[in-house]
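Q: All I have is the shape, not the residue letters:
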């Protein structure tokens, strides 16, 4: 796994550097500088950068250049960041901490947090529309895929189900997961395939990989919420449970959850077994299934 | 002006019908139906539909087919609608009424209103990315133009200036207007030019037209806030003033505002004087300058 760690680090560093260039204190001061600060505070808060890593990895696995996929991967990270900012708002989950730091609205106020999220969305689409290494057809395909993923039948639908607590059965919980976190992960893989100029079949396989990965990821997350300790995760242990939200662990128990993660990881790997250089994707699936934070 | 009224009605009806098809109760029930209802409630609340009308009119004035510009014009209306929903939130302007009806968060709750706005943005970009009559280059150009217009150096920056009340001088108030309402109007005109396949020079002229129109529109709005009575506008007279916000009327007085509207209207008309069939645009500038609501 030493190769895998190095490769993951390379992808993550590419994304980190790209985001830093865009969101570190800009040379030109604006009267609305506070907005950029609030955006930068949340975008540059670290994290695993799973979505851009996935985009870059799928692109390379299908014979593309990771650099050409970089604006697309970072677009996904911006959408992910906006969703976290809005999910943390007082009218939603009302969270004070995110990744061990005060949430955006705790630092910049509620209005600015709403606006920082609002402004990150178009920035994501702009990154794609202006991606320098891609043909117009690729860029417009990526815009359509991202827009579907984070729209009213995608990520936002998942957030609605989450706040309305419509997740009583395993089926309902799978749907919640498929929408709230799965849609964006799926788009991350699809955008990698689009950047590589891969045929439709490869795009579908990449999407299937991400769907299985997404479910494994969420189930593992629920398990960690029970297992891990507060320092490791940077949020109170069992915080989801405390709010009365049902998790995969509640429904299936830890042991069955472990089996589900294993099975979904297997299916994820199977989906990309035909990719010309898919080894990193296989390792990534194993890594996410076994991660301890 | 009878021709103008009929033509305005034709453009507005095209947009209205398009939005109704998308946002009236969909055939397929979803577990997150409430989200679509909240979106539809705000999108189908009527209004002048100035932005799509502008897009369709510029497209035809430059020799294009209005139908081909329809998804682009309606994309602008979705972005406009999301901005109204979020502007009305308790943490922003905290408004109970919009166009004479309860605001989105008063009907559907604060969380759903945030999410309805969040979901309208990607729907806008999807409409453009999937516009059937346009080449990929046109669609990707339109995505980039809209993203810039409604991003952190566009419309959202304007909202930041507005809530931070950074509008003490005439210059600051002009900047606020250029960003908060002007950026989207400018994009409306640009997207019309893009849909028409017009050359860069025509796009710049259309943008200049919309910038002057936007300033005239806002100054006129401030004047109406003083002049009009409550029933006509559907919001309390002088509501902006009551919150301590400075308006063009505060800074310049009614008479000077009248002159400014006249001058900006003249400049707007001048910008499109070379368009092959720009008569509607000339009438539109006159209409908006003289409107009584």
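A: Received the coordinates, thanks. On a predicted model such as this, the values are computed, not experimentally measured, just so you know.

Q: Low-confidence stretches in chain A?
A: A:1, A:25-27, A:166-167, A:229-244, A:293 (pLDDT under 70).

Q: Now the residue nearest the centre of it: which helix or strand?
A: Of all residues in chain A, the one closest to the mean position by C-alpha atoms, centre = their mean is residue A:51, 4.4 Å from it. Element membership for residue A:51 (DSSP states H and E) is helix A:50-61.

Q: sorry, back to before: what sits against the residue nearest to the centre of chain A?
A: If you count contacts by C-beta atoms under 8 Å, 6 or more residues apart in numbering or on different chains, residue A:51 has them with A:73, A:76-77, A:80, A:184-185, A:188. All C-beta atoms are positioned from the backbone trio N, CA, C, and that covers glycine.

Q: Tell me the residues on the stretch 151-293 of chain A that lie near chain B, please.
A: A:151-154, A:156-157, A:159-161, A:163-164, A:166, A:172, A:175 (C-beta under 8 Å from any C-beta of the partner chain).

Q: Can you tell me which of these are buried?
A: A:151-154, A:156-157, A:159-161, A:163, A:172, A:175 (16 or more other C-beta atoms under 10 Å in any protein chain shown).

Q: any idea which of those residues is closest to residue B:13?
A: Distances from those to residue B:13 were compared by C-beta to C-beta; the smallest belongs to residue A:152, at 24.8 Å.

Q: The closest one and residue B:123 touch, don't they?
A: Yes - between residue A:152 and residue B:123 there is a contact at 6.4 Å, judged by C-beta atoms under 8 Å.

Q: doesn't residue A:53 make contact with residue A:16?
A: No - checked against C-beta under 8 Å, the pair residue A:16 and residue A:53 is beyond contact range at 10.5 Å.

Q: who has more neighbours, those two?
A: Higher neighbour count among residue A:16 and residue A:53: residue A:53, with 25 against 18, using other C-beta atoms under 10 Å in any protein chain shown.

Q: which one is that one nearest to, not counting chain neighbours?
A: Excluding the flanking residues, the one nearest residue A:53 by C-beta to C-beta, 6 or more residues apart in numbering or on different chains is residue A:11, at 4.4 Å.

Q: The one you found: how many residues sit nearby?
A: Using other C-beta under 10 Å, residue A:11 has 25 neighbouring residues.

Q: List the buried residues in the helix or strand that contains it.
A: Using DSSP H and E, residue A:11 sits within helix A:2-23. Buried residues in helix A:2-23, counted by 16+ other C-beta under 10 Å: A:7-8, A:11-12, A:14-16, A:18-19, A:22-23.

Q: Could you dump those residues into TSV with distance to residue A:112 added?
A: Shown next, in TSV, are those (distance: C-beta to C-beta, whole Å):
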residue	distance to residue A:112
A:7	37
A:8	33
A:11	31
A:12	28
A:14	29
A:15	25
A:16	24
A:18	24
A:19	20
A:22	19
A:23	15
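
Q: From residue B:42, how far off is the nearest residue to residue A:102 once chain neighbours are set aside?
A: Residue nearest to residue A:102 in three dimensions, not counting chain neighbours: residue A:96, with 6.4 Å by C-beta to C-beta, 6+ apart. Note on residue A:96: its distance to residue B:42, by C-beta to C-beta, to the nearest Å, is 30 Å.

Q: Ramachandran coordinates for residue A:98?
A: phi -150, psi 120 (degrees, to the nearest 10).

Q: Same question for residue A:96.
A: With angles defined as degrees, to the nearest 10, residue A:96 sits at phi -90, psi -20.

Q: And the helix or strand containing residue A:267, what does it pack against?
A: If you go by DSSP H and E, residue A:267 is part of helix A:248-271. On a contact count with 3 or more C-beta pairs under 8 Å, 6 or more residues apart in numbering or on different chains; DSSP states H and E, helix A:248-271 meets helix A:170-177, helix A:200-227, helix A:279-290.

Q: And the contacts of the last one?
A: Just to be clear, that refers to helix A:279-290. Helix A:279-290 has contacts (C-beta under 8 Å, 6+ apart) with A:1, A:3-4, A:7-8, A:50, A:53-54, A:57-58, A:60-61, A:209, A:212-213, A:216-217, A:220, A:261-262, A:264-265, A:268-269, A:272, A:275.

Q: Likewise for the shortest one?
A: The contact list for helix A:170-177, computed with C-beta under 8 Å, 6+ apart, reads A:158, A:161-162, A:166-167, A:214-215, A:218-219, A:246-248, A:251-252, B:31.

Q: C-terminal to the helix or strand hosting residue A:127, what's the next element?
A: Using DSSP H and E, residue A:127 sits within helix A:110-129. Scanning forward in sequence from helix A:110-129 by DSSP H and E, the next helix or strand is helix A:136-149.

Q: how far does that following helix sit from the chain's center?
A: Chain-centre distance of helix A:136-149: 17 Å, with C-alpha atoms, centre = their mean, to the nearest Å.

Q: list the buried ones in that helix?
A: Of the residues in helix A:136-149, A:138-149 count as buried by neighbour count, 16+ other C-beta under 10 Å.

Q: Can I get the residues you listed in CSV including distance to residue B:131?
A: Listed next are those as CSV, based on distance: C-beta to C-beta, whole Å:
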residue, distance to residue B:131
A:138, 17
A:139, 14
A:140, 9
A:141, 13
A:142, 16
A:143, 11
A:144, 10
A:145, 16
A:146, 16
A:147, 12
A:148, 15
A:149, 19
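
Q: Please go through these and note which also touch chain B.
A: Okay, of the buried residues of helix A:136-149 touching chain B (C-beta under 8 Å from any C-beta), that's A:139-141, A:143-144, A:146-148.

Q: show me the contacts for the nearest residue to residue A:216 once chain neighbours are set aside.
A: In space, and not counting its chain neighbours, residue A:216 is closest to residue A:264: 3.9 Å by C-beta to C-beta, 6+ apart. Residues in contact with residue A:264, defined by C-beta under 8 Å, 6+ apart, are A:212-213, A:215-216, A:219, A:289.

Q: from the residues you listed, which would you call buried?
A: Buried subset of the contacts of residue A:264 (neighbour count, 16+ other C-beta under 10 Å): A:212-213, A:215-216, A:219, A:289.
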